[in-house]
Structures are given as C-alpha cells and as structure tokens.
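Novice: Pasting the sequence and the predicted coordinates here, then a few questions.
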Amino acid sequence: MTASDITTDTSISRALLDWYDQHARDLPWRARPGAPAPDPYRVWLSEVMLQQTTVAAVKPYFAKFTETWPTVEALAAAEEAKIMAAWAGLGYYSRARNLVKCAREVAARGGFPDKEAGLRELPGLGAYTAAAIAAIAFGQRAVVVDANVERVVARLFAIDEPLPATRKTIRAAADTITPDERAGDFAQAMMDLGSSICTARDPKCLLCPLSDACEGRRSGDPARLPVKPPKKAKPERKGRAFWIERDDHVWIVRREGEGMLGGMAALPDDGWSAREDGSGDAPVEGEWASLGAVRHVFTHASLTLEVLRLESSRQPEGSGQWWPISDIESAGLPTLFAKAARLALAQRA
DNA sequence: AACCCGTGGCG
DNA sequence: TCGCCAAGGGT
C-alpha cells in the first residue's frame, strides 16, 4: 500500500483496522481483535462506566461489579442501595440509577436487544452507547461517535466549524468511513487512536496510521481541531456538612431525587447546591464544633464544605441510620462526603 | 440548544 | 497551580 492508496473511504478503515490488529489495548471488557463478540452484559456495563470517565478509573469498578454481579440477572436482583454504594466514587450517579432500571428491564425481557434502535430505548443508553453496544457486542454496523471519534474525524476531514453545531457534519463524515464488517473493532480502534495518538493537546502524527489521509495534519495545526466553544465560569459555593456521632456510630442519610449526588449515602448538610450556598443551619440543636473544611470541584461549581461535629444522644429528625464508624468505608459515600468523613476521622484519633 | 451532572489525572 | 479533559445522557 502506498500513500496515494489512502484516499478512499474503505482504505481509511482498512489502515485503521490493520493498526488496531497490532496495537489494540488489552482491556478487561474487550475481546481480542477479530475474536467472537464479548458478553453483552460486560460490554454494556463497561460502556456505561466509561461515559465521561477514564479507563484507569473504570477498571477497579468493572472488576468489583462483575465479581459481585456476574450477570445482568444478578445485577437486576440486587438491592439498589448496594449498587449505588458500589458505584460511589465513580461519579455521575444518574448512571447508577439508570443502570439499575436498565438491568431490571433487560432481565425482565430476557436479554439485551441486539439492534441499535432497541438498545437506544433503554435507560442510560444514548446515541453513543447504543451504537457502541450494537457494534461491539452484536456485530452490527453502527456509527459510533464519542469525543475521540469527534476529534479524529474533525482532524481527518479538517472540519473547523465549532462544536456543538458541527456534530451532524462530523457524524456524517464518520458514517462515510465506518466499514460494513468489523464495525465494533473499527469503533474501538478509533477510540484507541484518539486516546493514544490523536490526543487532544498533542497529536502524535508521526505515529498515526491515518496521517497520509489527514487533512488536519496537512493544514499544519491539527491540534486546533475540533473547535470548541468557550467554557462558562465556575462559581464558588459554600456549605456545611454535619458529623453526628453516638456510641462509635455516625448518622448517615440518603440524598433524595435525581439532582446532585441523588440517591447516594451522605452526611446531613445545610442545603448547599451547585446553584447556591447553604443556609449554614444544622439539622439539630447542640454544641457544634468545627473540624475545618474540605474543598471539592464539581463540573460546574467549586465547593468549600465546612464540617461540624456533634456528639448527640438523641435521634436526629428525618430518615437515616447510625453507621458504625469503623466500617465507614463501606457506607458508599461519594467522594465529597468521603473527604468530610476523612477529616472527621483524622481528628478523632 | 443549553444546562445539569463527579471525579481524577495531566501539562 | 489550575484549567482542560475523559468511551455522554437526560431534560
């Protein structure tokens, strides 16, 4: 093959699949290139975990979930609180809420749909994930577009209209290079290429199997693509969390609803949110002692959370439970409240 | 369309 | 240090 051969649509997918056959990452949820399709349950679970989340962060969670719940039926039968606790620390908790709903729907219908349209109907599966599962687990041709594919395609075709308006154009371009066979390997190859070669800040064009066909490289500055809109400023918020202790137990509540950290175990707090500061008010009267503060950065707000401690013989109002402090690690606290707990424990010794 | 939703690593 | 970024989905 010569450089001039890499000009047609099929030559791009062929060059990429040849590269993938040599350089595919070995990941726990992935089959070897060209091997039979992996278990749809494992593909689905990994794809949901990987939404906006790095491979390194996902690996231990994937191992824990598949060990605890080896099948979608096992997951469907589990207590929701157990699943939420197992997800704690991974972030974007609506994914865990939808994971439970999806597992139960799939178990009830006797398995995953094997077509993209059917998968798209399941909770937590959007355009990307439905296409990815259809291609990777069921061998269907599907146009799989995530942030890696957007970046690779925007550079390959030198598409320089800004996101998100240009998404349709990028998807159409991705469609033209998606092969009829091995669409799952092709999708994973695009993502491997995007994560290791065609990276956001420092594309390594000298190592790229598609460099001869790349208009972005020819333009001289592929790193500028895709063009992204400016980010909004991140507001600073203040709030308080309350460590209520009794007989070596701490009062743990479960956050309501589908908002921030919804459904997760937590310490009681003063009602802060990404939109506004907390009231500062404690949930019970008493001699509160400040333990200091923790800092935490969310996607669209930064928070300084003061942690206050109280020893109380009385039952706080509202629902909750006394959790043994020696076993606080298993309470399923998301990272913000795990930080607060760590602060309380540090001053307890 | 624009906004909300976590977390940790990296340059 | 700090802004950017990551295998997005729901509303």
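Specialist: Okay, I see it.

Novice: continuing past the helix or strand hosting residue A:323, what's the next helix or strand?
Specialist: Using DSSP states H and E, residue A:323 maps to strand A:321-324. Next helix or strand after strand A:321-324 toward the C-terminus (DSSP H and E): helix A:335-346.

Novice: That next one and DNA strand C, are they touching?
Specialist: No: when contact is scored as C-beta under 7 Å from any atom of the strand, no part of helix A:335-346 falls within range of DNA strand C; the minimum is 12.5 Å. Quick note: C-beta positions are derived from backbone N, CA and C, even for glycine.

Novice: Go through the host helix or strand of residue A:170 and flag the buried ones.
Specialist: Applying DSSP H and E as the criterion places residue A:170 in helix A:167-177. For helix A:167-177, a neighbour-count test (16 or more other C-beta atoms under 10 Å) marks A:170, A:171, A:173, A:174, A:177 as buried.

Novice: what's next to the strand holding residue A:323, contact-wise?
Specialist: Outside of strand A:321-324, the residues within contact range by C-beta atoms under 8 Å, 6 or more residues apart in numbering are A:246, A:247, A:248, A:249, A:250, A:251, A:252, A:331.

Novice: okay, those residues in JSON lines with distance to DNA strand B next?
Specialist: What follows is the contacts of strand A:321-324, written out as JSON lines (distance: C-beta to the nearest atom of the strand, whole Å):
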{"residue": "A:246", "distance to DNA strand B": "26"}
{"residue": "A:247", "distance to DNA strand B": "28"}
{"residue": "A:248", "distance to DNA strand B": "25"}
{"residue": "A:249", "distance to DNA strand B": "23"}
{"residue": "A:250", "distance to DNA strand B": "18"}
{"residue": "A:251", "distance to DNA strand B": "19"}
{"residue": "A:252", "distance to DNA strand B": "15"}
{"residue": "A:331", "distance to DNA strand B": "13"}
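
Novice: from these, which ones fall inside strands?
Specialist: Counted as lying in strands by DSSP state E, out of the contacts of strand A:321-324, are A:246, A:249, A:250, A:251, A:252.

Novice: and the closest residue to the last one other than its chain neighbours, bridged to which residues?
Specialist: Meaning residue A:252. For residue A:252, ignoring the flanking residues on the chain, the nearest one in space by C-beta to C-beta, 6 or more residues apart in numbering is residue A:323 at 4.4 Å. Note on residue A:323: beta-bridge partners residue A:250, judged by DSSP bridges.

Novice: confidence score at residue A:323?
Specialist: You'll see residue A:323 listed with a pLDDT of 98.

Novice: Share the number of residues neighbouring it, please.
Specialist: By other C-beta atoms under 10 Å, the residues close to residue A:323 number 18.

Novice: Ok, the one 4 residues further on next?
Specialist: Using other C-beta under 10 Å, residue A:327 has 9 neighbouring residues.

Novice: Would you mind listing what in chain A touches DNA strand B?
Specialist: Proximity of chain A to DNA strand B is confined to A:52-54, A:56-57, A:88-94, A:164-165, A:201-202, A:232, A:259-262, A:273-275, A:296-301, A:334-336 under the rule C-beta under 7 Å from any atom of the strand.

Novice: According to the record, where do the domains of chain A fall?
Specialist: A:3-224, A:236-346 (automatic domain parsing).

Novice: Look up the closest residue to residue A:167, ignoring the ones flanking it.
Specialist: residue A:150 is the one closest to residue A:167 (C-beta to C-beta, 6+ apart), at 7.4 Å.

Novice: Mark which of the residues of chain A next to DNA strand B are buried, thanks.
Specialist: Neighbour-count burial (16+ other C-beta under 10 Å) applied to these gives A:88, A:90, A:91, A:93, A:260, A:261, A:296, A:301, A:334, A:336.
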